[in-house]
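Peer 1: 3D, please:
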Amino acid sequence: MISLFALWLPIVLSAVAVFIVSSIIHMVLKYHNTDYGKIPSEDGVMEAMRGFNIPPGDYVLPHAASMGEMGSPEFKEKQNKGPVAFMTVMPNGQCGMGRSLIQWFLFSLLTGIFVAYITRMTIPAGADYLLVHRVAGATAFCCYGMAHLSNSIWYKKSWSATMKNVFDGLVYGLVTGGMFGWLWPAA
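Peer 2: Predicted coordinates for the structure are as follows:
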């Protein structure tokens with residue numbers, strides 16, 4: 001069996017390649033620009049929310065503390081009146097990209113480690129490029145792409161935005177599979 005340490009190069013290079021490809025997707029192709037819409041009367045909504053000084057975090061409107069409360073007539077009335085929303089409040093100020101980009105790269109490294117672990121458990125040294133590519137790529141696709149589906153299922157994120165993220169995950173899986181296939185140790 002191949003040691004995990006012996007796969008450090010495809011782990012790192014696949015993370016670098018995914019980072020570059022994702023940058024191209026978001027900065028050049030820009031098909032994610034339509035993932036979020038603008039709220040009508042944005043300034044008024046922001047002004048109204050500002051008065052509540054909501055701390056950063058994830059929220060749901062209306063909120064029920066238990067399943068029993070969700071069945072109450074008062075809760076159902078709130079839902080019917082609306083708005084019904086899932087909302088993430090971020091800290092005020094400029095949204096610096098540096099920390100998020102570092103976290104994205106670390107996530108890609110972690111994905112590469114899991115891809116290496118699963119692939120080395122199923123594929124011997126010296127295996128054919130295409131076999132390594134299929135196993136590593138499918139594993140990476142599961143990490144990068146499949147988890148997005150639950151956002152549309154549970155949080156009602158638009159299916160078009162979710163499918164773009166799943167497509168991105170497929171691209172990242174193909175890139176990762178290619179790196180592992182190319183750099184897979186010889187027998």
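
Peer 1: what separation do you get for the closest residue to His26 other than its chain neighbours and Gly96?
Peer 2: For His26, ignoring the flanking residues on the chain, the nearest one in space by CB to CB, 6 or more residues apart in numbering is His32 at 6.1 Å. All C-beta spots, glycine's among them, are computed from the backbone N, C-alpha and C. Look at His32 and Gly96: by CB to CB, to the nearest Å, they are 19 Å apart.

Peer 1: neighbour count: these two, which is higher?
Peer 2: Using other CB atoms under 10 Å as the criterion, His32 and Gly96 rank with His32 on top: 13 against 8.

Peer 1: where does that one fall, phi/psi-wise?
Peer 2: For His32, the backbone dihedrals (degrees, to the nearest 10) come out as phi -90, psi 0.

Peer 1: wait, it touches Ala161, no?
Peer 2: Yes. The criterion here is CB atoms under 8 Å, and His32 meets it with Ala161 at 7.5 Å.

Peer 1: not counting its own residues, what contacts the host helix or strand of Phe141?
Peer 2: Using DSSP states H and E, Phe141 maps to helix 129-144. Here helix 129-144 makes contact (CB atoms under 8 Å, 6 or more residues apart in numbering) with 10, 14, 18, 111-112, 114-116, 118-119, 122-123, 168-170, 172-182, 184.

Peer 1: repeat for stretch 43-59
Peer 2: 39, 85-91.

Peer 1: dump it to CSV, restricted to CA.
Peer 2: Only the C-alpha atoms of stretch 43-59 are listed here, as CSV (Å, rounded to 0.1, in the frame of the first residue of the first chain):
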residue,chain,number,x,y,z
ASP,A,43,-31.3,50.8,1.7
GLY,A,44,-34.5,50.8,3.6
VAL,A,45,-34.1,47.2,4.6
MET,A,46,-30.5,47.8,5.7
GLU,A,47,-31.5,50.9,7.7
ALA,A,48,-34.3,49.0,9.4
MET,A,49,-32.0,46.0,10.3
ARG,A,50,-29.2,48.4,11.5
GLY,A,51,-31.4,49.5,14.4
PHE,A,52,-31.5,45.9,15.8
ASN,A,53,-27.7,45.6,15.9
ILE,A,54,-27.9,41.9,15.0
PRO,A,55,-24.7,40.1,15.9
PRO,A,56,-22.9,38.1,13.2
GLY,A,57,-24.4,34.6,12.8
ASP,A,58,-26.9,32.4,11.1
TYR,A,59,-30.6,33.1,11.6
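
Peer 1: on that earlier part again, in helices, which of the contacts of helix 129-144 appear?
Peer 2: 10, 14, 18, 111-112, 114-116, 118-119, 122, 168-170, 172-182 (DSSP state H).
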